[in-house]
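Novice: Please work out how this folds:
(one chain, ligands or ions: 2)
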Amino acid sequence: MTFLIGIVGKPSAGKSTFLNAACLTNAKVSELPFTTIEPNKGVAYVKTNCVCKDFNLKDNPKNSYCLEGNRFIPVNVLDVAGLVPDAHKGKGLGNRFLNDLVKADILLHIVDISGSLDKSGKRIKSGENDPIEDVVFLENEINLWFKQILEREDWSKFIKSHARERKKFIEELHKRLSGIKINKKQIILALRNSNLEDKNPSLWSDDDLLSFSIKLREISKPILIMANKIDKEIGMENYTTLKNKIEGEVIPCSALAEYFLRKYQQEKKIEYLPGSNDFKITNENSLNHNELEMLKNIREKILAIFNETGVQNALNFAVFNILKQICVYPISDINKFSDNNDNILPDAFLVKQGTLLRNFIRDKIHTDLADHFIFGIDARTKKRLGENYELKHNDVIKIVTAK
Ligand SMILES: Nc1nc2c(ncn2[C@@H]2O[C@H](COP(=O)(O)OP(=O)(O)O)[C@@H](O)[C@H]2O)c(=O)[nH]1
Ligand SMILES: [Mg+2]
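Specialist: Ligands and ions are numbered 1, 2, ... in the order given. From the prediction side, this is the model:
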């Protein structure tokens, strides 16, 4: 399973630019609100230190790629139409576009930190819109959309008929929410976090349902806030203010800067490793005066201050910090660090922190193998690992089976 990262935000905040920068896609970008109608899809990569360096190996990855000792692992990205206040009621391009997000594991909220767009994405004077308002309205829309999904198809009848038995209630809720990628554990946790664990569902008030929807949304589709257009005049100032007002992480970002760096790197005009704090101009003659000036600005006003453009940081933060993933490398030959076809360190898998070896084999490797699993071997220590071994980040593991 590959993660799906949903890009959300109001019109013209820079969602398609972010997608294009992260995935080198060609989604249409424009100043006009609602340029994006059908969702745009792309593949981006999270970046982590590859273990090839630890073993001094030249690897040949299959499910990922390795550049200068960095392993890049694919994640799917979806850029949906801009959301406006009351989108959950069908305003703007409304519900249909919220529904594009049902399969997302996490949402990146692209906020125009320069405050130069009103809520519908129209240009206004820089600084006139307070970015915190965007954060609040968008979260609210997604929460209310969740509530609506719960409520549709006669909620009051539903709670009456399934109020008796808790286990049954959770099962039925799970069925009701099956479209939006939510598991039973998340439902149980949301009930607990909204203090509704012991309350008979038939007695739930509208506020109870709302608070359950909010908790469920926070657990199943967490939102990471991106202060985009940080390169603009008032960006830095607004970013500092927003960061102080918000509990969670706010990632400073210039999607446009990343887009140009990635594009020039693809055209071999510069050398640039995504997520790094500098680049090298390799073909100065291919860049005109304005382009060189822009690159200079990117270097001095973005990379030197923030250490990167924010695009790679966002993807990494989403997957490693919020979704709490670690990276594990299964191999079959413990001496060559290869699979059966001599591919060295072929696969890097993302797994949740705390995953046991047995579950890793069941979910990621092969259900077949899980039945014949005997033990694992840690490639670093050559020690045996039992089925209850808890995986660590950058483990390289041989799986020994009876098959
Ligand atoms: N200065 C600046 N402009 C940006 C940035 N990201 C996007 N834009 C511009 O904002 C406008 C809207 O971008 P777009 O990606 O189409 O927004 P969307 O409607 O959210 O998909 C375009 O003119 C982009 O060039 C950024 O990081 N910095
Ligand atoms: Mg767009």
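Novice: so where is the protein shaky, pLDDT-wise?
Specialist: 26-38, 91-97, 163, 366-370, 403 (pLDDT under 70).
Novice: how does it look with 80?
Specialist: Scanning the chain for pLDDT under 80 picks out 1, 25-39, 87-99, 153, 160-166, 364-374, 401-403.
Novice: Look up phi and psi at the residue of the stretch 251-400 of the chain found nearest ligand 2.
Specialist: Taking Cβ to the ion, ligand 2 has its nearest neighbour within the stretch 251-400 of the chain at residue 255, 11.0 Å off. The C-beta positions use only the backbone N, C-alpha and C, and glycine is treated the same way. As for residue 255, its main-chain torsions (degrees, to the nearest 10) stand at phi -60, psi -30.
Novice: burial count for it?
Specialist: 28 (other Cβ atoms under 10 Å).
Novice: which ones are touching it?
Specialist: 14, 17-18, 21, 110, 228-229, 309-311 (Cβ atoms under 8 Å, 6 or more residues apart in numbering).
Novice: May I see those organised as JSON lines, with distance to ligand 1 added?
Specialist: Formatted as JSON lines, the contacts of residue 255 follow (distance: Cβ to the nearest ligand atom, whole Å):
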{"residue": "14", "distance to ligand 1": "3"}
{"residue": "17", "distance to ligand 1": "3"}
{"residue": "18", "distance to ligand 1": "7"}
{"residue": "21", "distance to ligand 1": "8"}
{"residue": "110", "distance to ligand 1": "6"}
{"residue": "228", "distance to ligand 1": "5"}
{"residue": "229", "distance to ligand 1": "4"}
{"residue": "309", "distance to ligand 1": "8"}
{"residue": "310", "distance to ligand 1": "9"}
{"residue": "311", "distance to ligand 1": "9"}
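Novice: Make a PyMOL selection of whichever of those turn out to be buried.
Specialist: Buried residues among the contacts of residue 255 (16 or more other Cβ atoms under 10 Å), as a PyMOL selection:
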select buried, resi 14+17+18+21+110+228+229+309+310+311
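Novice: Neighbours of residue 382, how many?
Specialist: So residue 382, with other Cβ under 10 Å, has 10 neighbours.
Novice: May I ask you to confirm that it belongs to a helix?
Specialist: No - looking at residue 382 with DSSP: H, G, I helix; E, B strand; the rest coil, it is coil, so not inside a helix.
Novice: who are the neighbours in contact with it?
Specialist: residue 334.
Novice: Please determine how far it is located from residue 376.
Specialist: 11 Å (Cβ to Cβ, to the nearest Å).
Novice: Which of the contacts of residue 255 fall in helices?
Specialist: 17-18, 21, 311 (DSSP state H).
Novice: just these now: which is nearest ligand 2?
Specialist: Of the ones in helices among the contacts of residue 255, the one sitting nearest to ligand 2 (Cβ to the ion) turns out to be residue 17, at 7.8 Å.
Novice: excluding its backbone neighbours, what's nearest the closest one?
Specialist: residue 255 (4.3 Å; Cβ to Cβ, 6 or more residues apart in numbering).
Novice: Where do the strands of this structure begin and end?
Specialist: 4-8, 40-49, 65-67, 70-79, 106-112, 223-228, 250-253, 270-271, 280-281, 325-331, 349-352, 373-378, 384-385, 395-401 (DSSP state E).
Novice: Output those strands as CSV; include the columns distance to residue 171.
Specialist: Shown next, in CSV, are those (distance: least, Cβ to Cβ, whole Å):
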stretch, distance to residue 171
strand 4-8, 25
strand 40-49, 33
strand 65-67, 42
strand 70-79, 29
strand 106-112, 26
strand 223-228, 28
strand 250-253, 38
strand 270-271, 55
strand 280-281, 57
strand 325-331, 28
strand 349-352, 23
strand 373-378, 30
strand 384-385, 35
strand 395-401, 34
